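Colleague: quick one: sequence and predicted model below, then my questions.
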Amino acid sequence: MIGAGRPVFALFPAWVCLVCALPLSAQPSAHRPVFQKGMTFTHGYGSDDNLMSGTSTAALEHLRRVNVEWTALNPFAYQRTVDDAALRFGRDPPDDHLRHGIREARRLGFKVMLKPHVWVRRQSSDHWRGTIGMATEEAWQQWWSHYESFVLHYARIAAEEGVEIFCVGVELTRVARERPEDWRRLIARVREAYPGPLTYAANWWEEYDRVEFWDALDYIGVNAFFPLTEPPDPGLEQPDPTLEQLRAGAVRVADEIEALHQLTGRPVLLTEIGYKSVRGASLRPWEWTRRPEPDLSMEEQALCYQAVLEAFWPRPWFHGMYWWKWHSDLRGGEEQGGFTPHGKPAERVLTEWYQRLRPVPPTPVRPPR
């Protein structure tokens, strides 16, 4: 979500390229797909807001009142640069904190996705986890050894804690596109450690429709920070979008993703989706900054939520989403321009939608065409 240099509006899928890449003998998933009314839950680092804190439990309790049923927890590994083969993990959060967070979530009635992330410490718009890649085969093998240790560590925790779904990676665009057989080997190892369904969270731009190993997983996962509106003509100010414009953009996105479902036969999760409460959020939803953004728009965020839910909810291949994001310290409110819907009109939109039942039965999982 940090790529300031990423394209503004581009929905040109490469799913046709997958016709030759996906195995013709792909088998149906052994796991029946389940609809997931989800939210990403992000942990703090202080004693007053980490996963062991009472504040974190209160934030989860509030999330239940939004009718959220699934929550994604995100442990991190750290990599110094995009071409460094070493990964360090186990402290963000500490394992005992993570286990406590899983247990609290499940005690409160949530089902849990465990979704390990890699964070590149020296990053920019052109150097982030999507561009991780090694210069030599020896370095690739070193990186994969570290990455496998990282993922298997959390797969074992997921198995021990009864986590309901596990994500094998997040937005590793270059790694996913260049090393599909390594992913297949890793997925096989994860299945030895963890008995539940698996997904991978592919980036919306130049990845999700180029992944060659969807058949080895149970769900397609898309981090769906697609633009919903087009940029204005040069020299013109971006107008505030209408619900009709946002709905049309969301339908285009859903149609593009549906083409991949039809090719693979796999159900689809939006493993991340979100919009900041600022003007222009619908145009560049992937942008993320630590600086306060003064041009607030609670309305644009809420309309984006409404448009996406309208476009995706009735589609039988769609099996849920994880909104980005809900903080363990319950930050939010209408004076804050970040991604969280807490205390904003978008929270009311989500609460109303998440109390609904599916309008159609889920699609059966079938082999790809």
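Modeller: Here it is on my side, so go on. Nothing here was measured: the structure is a model prediction, and the numbers come from that model.
Colleague: ok, the residue nearest to F318 when sequence neighbours are not counted - contacts?
Modeller: Using Cβ to Cβ, 6 or more residues apart in numbering and skipping residues adjacent in sequence, the residue nearest F318 is F312, 4.8 Å away. Using the backbone N, CA and C atoms, a C-beta is placed for each residue, glycine as well. By Cβ atoms under 8 Å, 6 or more residues apart in numbering, the contact set of F312 is 250, 254, 270, 318, 321.
Colleague: let's see it at 10 Å
Modeller: By Cβ atoms under 10 Å, 6 or more residues apart in numbering, the contact set of F312 is 224, 250-251, 253-254, 257-258, 268, 270, 273, 318-321.
Colleague: pull out the buried residues from those.
Modeller: Buried residues within these, counting neighbours by 16 or more other Cβ atoms under 10 Å: 224, 250-251, 253-254, 257-258, 268, 270, 273, 318-321.
Colleague: narrow these to those in helices?
Modeller: By the criterion of DSSP state H, membership of the buried ones among the contacts of F312 in helices covers 250-251, 253-254, 257-258.
Colleague: do a quick rundown of the strands in the stretch 251-369 of the chain.
Modeller: 268-273, 318-327 (DSSP state E, counting those that start in this stretch).
Colleague: longest helix anywhere in the protein?
Modeller: The chain, longest helix under DSSP H: helix 137-161.
Colleague: where do the helices sit along the stretch 251-369 of the chain?
Modeller: Ranges of helices in the stretch 251-369 of the chain, per DSSP state H, counting those that start in this stretch, are 298-312, 345-354.
Colleague: thinking again about what came up before, would JSON lines of the contacts of F312 with distance to S125 and pLDDT be doable?
Modeller: Shown next, in JSON lines, are the contacts of F312 (distance: Cβ to Cβ, whole Å; pLDDT from 0 to 100):
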{"residue": "A224", "distance to S125": "20", "pLDDT": "98"}
{"residue": "A250", "distance to S125": "25", "pLDDT": "98"}
{"residue": "V251", "distance to S125": "29", "pLDDT": "98"}
{"residue": "V253", "distance to S125": "22", "pLDDT": "98"}
{"residue": "A254", "distance to S125": "27", "pLDDT": "98"}
{"residue": "I257", "distance to S125": "25", "pLDDT": "98"}
{"residue": "E258", "distance to S125": "30", "pLDDT": "97"}
{"residue": "V268", "distance to S125": "28", "pLDDT": "98"}
{"residue": "L270", "distance to S125": "23", "pLDDT": "98"}
{"residue": "I273", "distance to S125": "21", "pLDDT": "98"}
{"residue": "F318", "distance to S125": "30", "pLDDT": "97"}
{"residue": "H319", "distance to S125": "32", "pLDDT": "97"}
{"residue": "G320", "distance to S125": "30", "pLDDT": "98"}
{"residue": "M321", "distance to S125": "26", "pLDDT": "98"}
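Colleague: ok, so what distance separates T199 from A72?
Modeller: 11 Å (Cβ to Cβ, to the nearest Å).
Colleague: okay, and the common contacts of these two?
Modeller: With Cβ under 10 Å, 6+ apart as the test, T199 and A72 both reach 113, 115, 165, 167, 269, 271.
Colleague: where does the protein dip in pLDDT?
Modeller: 1-26, 290, 359-369 (pLDDT under 70).
Colleague: the residue of it most remote from its centre sits in which helix or strand?
Modeller: Residue farthest from the centre of the chain, counting by Cα atoms, centre = their mean, is G235 at 34.1 Å. Using DSSP states H and E, G235 falls within no helix or strand.
Colleague: phi, psi of it?
Modeller: As for G235, its main-chain torsions (degrees, to the nearest 10) stand at phi 90, psi -10.
Colleague: same check on V222?
Modeller: According to degrees, to the nearest 10, V222 has phi -130, psi 120.
Colleague: what pairs with it across the strands?
Modeller: Beta-bridge pairing for V222 (DSSP bridges): A202.
Colleague: list the contacts of it.
Modeller: 199-204, 207-209, 211, 253, 256-257, 260, 268-273, 321.
Colleague: distance check, it against L73.
Modeller: In terms of Cβ to Cβ, V222 sits 19 Å off from L73.
Colleague: now do D96
Modeller: 14 Å.
Colleague: kindly report the same for G249.
Modeller: Going from G249 to L73 by Cβ to Cβ gives 30 Å.
Colleague: one more: H261?
Modeller: 26 Å.
Colleague: these two: who's more crowded?
Modeller: L73 (23 against 20; other Cβ atoms under 10 Å).
Colleague: just list whatever residues bridge to the more buried one.
Modeller: Beta bridges link L73 to F41, L114 when assigned by DSSP bridges.
Colleague: go ahead and confirm it touches R103.
Modeller: No - if you go by Cβ atoms under 10 Å, L73 and R103 don't touch, sitting 11.2 Å apart.
Colleague: what do these two both touch?
Modeller: 51, 112.
Colleague: pretty sure V349 is touching L309, no?
Modeller: Yes - V349 is in contact with L309 according to Cβ under 10 Å; the separation is 7.3 Å.
Colleague: got the helices of the stretch 251-369 of the chain as TSV, with distance to R184 columns?
Modeller: Listed next are the helices of the stretch 251-369 of the chain as TSV, based on distance: least, Cβ to Cβ, whole Å:
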stretch	distance to R184
helix 298-312	29
helix 345-354	35
